[in-house]
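S.K.: I would like the atomic coordinates for the input below:
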Amino acid sequence: MKTLALAVGMFALFIAGSAHAQPYGMAGCGLGSIAFGNDQTMFKQVLAATTNGTFGTQTFGITSGTSNCVSGGVIKAEREQAAFAEVNFQDLKANMAAGGGEYLASFATLLGCEDSAKPTFARMAQDKIETLVPSTSTTPIQTLMSVKQQIKASPSLAASCTDERAIARAEGTSSMTLAKR
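M.R.: Residues are numbered from 1 along each chain as shown. Sure thing, here's the model as predicted:
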């Protein structure tokens, strides 16, 4: 009965911790970081490390980008880009065809484009609309991937629309901080 109560308690901590997605402490990321958060007391860190080791969640979290094991803002930036494309796909396609608009400008920001590059980005989207959205069955993710390929294929856009800028934006880091890195 005590084991069941402990398991239920751990599960409750897991659920509560995952809602907050708190940073982890010395024990590292994994289930232990979710269950015990970043409480720096030695007791809680030992429990977190034991949990990570017992369930092997740290390795899984690192490879999957879950359980507080994320590579900076890379995953967050990519998820935001994909979510934006999914939710706003019809408006985004209309803006691409028109060569501008608020959805396309916001999409460019999520892709890490400088403000000065947005007109070039909009022209590229309009010029390449048939490549970016070749059919009615093209998915938002396929379009996102095609847009990223077109950015990389254009020297001016590749220099002005960078993953580093997208990551900094996703992390809430200013351009000034990015320039200092």
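S.K.: contacting residues for residue 32?
M.R.: Residue 32 makes contact with 24, 47-52, 57-58 under the criterion CB atoms under 8 Å, 6 or more residues apart in numbering. Quick note: C-beta positions are derived from backbone N, CA and C, even for glycine.
S.K.: so what secondary structure elements neighbour the one helix or strand residue 170 maps to?
M.R.: Using DSSP states H and E, residue 170 maps to helix 163-171. Here helix 163-171 touches helix 74-87, helix 102-110, helix 175-180, going by 3 or more CB pairs under 8 Å, 6 or more residues apart in numbering; DSSP states H and E.
S.K.: Need these in JSON lines (columns: mean pLDDT, distance to residue 161 and mean neighbour count).
M.R.: What follows is these, written out as JSON lines (pLDDT from 0 to 100; distance: least, CB to CB, whole Å; neighbours: other CB atoms under 10 Å):
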{"stretch": "helix 74-87", "mean pLDDT": "88", "distance to residue 161": "12", "mean neighbour count": "17"}
{"stretch": "helix 102-110", "mean pLDDT": "97", "distance to residue 161": "7", "mean neighbour count": "19"}
{"stretch": "helix 175-180", "mean pLDDT": "47", "distance to residue 161": "13", "mean neighbour count": "10"}
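S.K.: among the ones you listed, which is nearest residue 41?
M.R.: helix 74-87 (28.6 Å; CB to CB).
S.K.: ok, and what's touching the closest one?
M.R.: So helix 74-87 is in contact with 65, 70, 92, 106-107, 110-112, 140-141, 143-144, 163, 166-167, 169-171, going by CB under 8 Å, 6+ apart.
S.K.: any idea of the angle that helix forms with helix 102-110?
M.R.: Here helix 74-87 runs at an angle of 170 degrees relative to helix 102-110 (axes from the mean of the first three to the mean of the last three CA atoms, to 10 degrees).
S.K.: after helix 74-87, next one along is what?
M.R.: Using DSSP H and E, the first helix or strand after helix 74-87 is helix 89-98.
S.K.: That next one packs against which elements?
M.R.: helix 102-110, helix 118-127, helix 129-132, helix 140-153.
S.K.: make it 7 Å
M.R.: Judged by 3 or more CB pairs under 7 Å, 6 or more residues apart in numbering; DSSP states H and E, the packing partners of helix 89-98 are helix 102-110, helix 118-127, helix 129-132.
S.K.: With respect to residue 155, which of these lies nearest?
M.R.: Smallest distance to residue 155 across the helices and strands packed on helix 89-98 (CB to CB): 10.9 Å, for helix 118-127.
S.K.: Okay, buried residues for the closest one please.
M.R.: Buried residues in helix 118-127, counted by 16 or more other CB atoms under 10 Å: 118, 120-122, 124-126.
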